[in-house]
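Engineer: coordinates only, sequence not included:
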């Protein structure tokens with residue numbers, strides 16, 4: 001699927017604003033990556049994207065990636081070691097289930113915003129912002 005077609009499936013501005021709002025409450029970082037159609041394992045592709053986007057470079061290892069392949073109706077939610085240690089696998093599965101409902105109805109933007117908000121709540125609970133330090137370690141732009 002071409003880049004332009006992928007971007008018609010989501011409201012990029014709303015997704016990026018959701019990331020900005022969620023990150024304002026935490027030192028954590030959230031990224032969204034939307035991929036075109038490909039054959040292969042989505043989770044493995046998400047792990048490669050996690051590395052390519054520098055998600056393991058955050059100071060507290062608290063990056064979260066939502067990796068979506070709309071053409072295959074598949075996605076993966078990955079958290080770095082710092083946040084995964086705090087929330088465990090059950091949390092990632094609960095985000096995925098909630099997002100799946102929206103995605104099944106082709107409401108990709110709403111599903112992404114929900115996933116971002118939930119990840120943001122957990123990041124804020126475990127990695128609150130540091131007074132006087134509001135740095136954005138990773139870009140908020142949707143990766144396509």
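Structural biologist: Cool, the structure landed. Given the structure is predicted, the values throughout are model-derived calculations rather than measurements. Residues are numbered from 1 along each chain as shown.
Engineer: Please make it C-alpha for all contacts and neighbour counts, starting now.
Structural biologist: Noted.
Engineer: Would you map the strands across this structure?
Structural biologist: 29-34, 63-69, 74-79 (DSSP state E).
Engineer: Identify all contacting residues around the top helix by length along the chain.
Structural biologist: When the chain is parsed with DSSP state H, its longest helix is helix 81-104. Residues from elsewhere that reach helix 81-104 (Cα atoms under 8 Å, 6 or more residues apart in numbering): 60-63, 73, 76-78, 108, 110-112, 114-115, 118-119, 122-123, 126.
Engineer: which ones are touching the spatially most central residue of the chain?
Structural biologist: Centroid-nearest residue in the chain, with Cα atoms, centre = their mean: residue 66, separated by 2.9 Å. For residue 66, the contacting residues are 30-33, 75-78, 112, 115, by Cα under 8 Å, 6+ apart.
Engineer: from these, which two are the most distant?
Structural biologist: Spatially, the most separated pair among those is 30 and 75, at 15.1 Å (Cα to Cα).
Engineer: Can you pick out the residue with more neighbours from these two?
Structural biologist: More neighbours surround residue 30 than the other of residue 30 and residue 75, with 27 against 22 (other Cα atoms under 10 Å).
Engineer: beta partners of that one?
Structural biologist: Taking DSSP bridges, one finds residue 64 as the beta-bridge partners of residue 30.
Engineer: got the contact list for it?
Structural biologist: Contacts of residue 30 by Cα under 8 Å, 6+ apart are 19, 23, 63-66, 116, 119-120, 138, 140.
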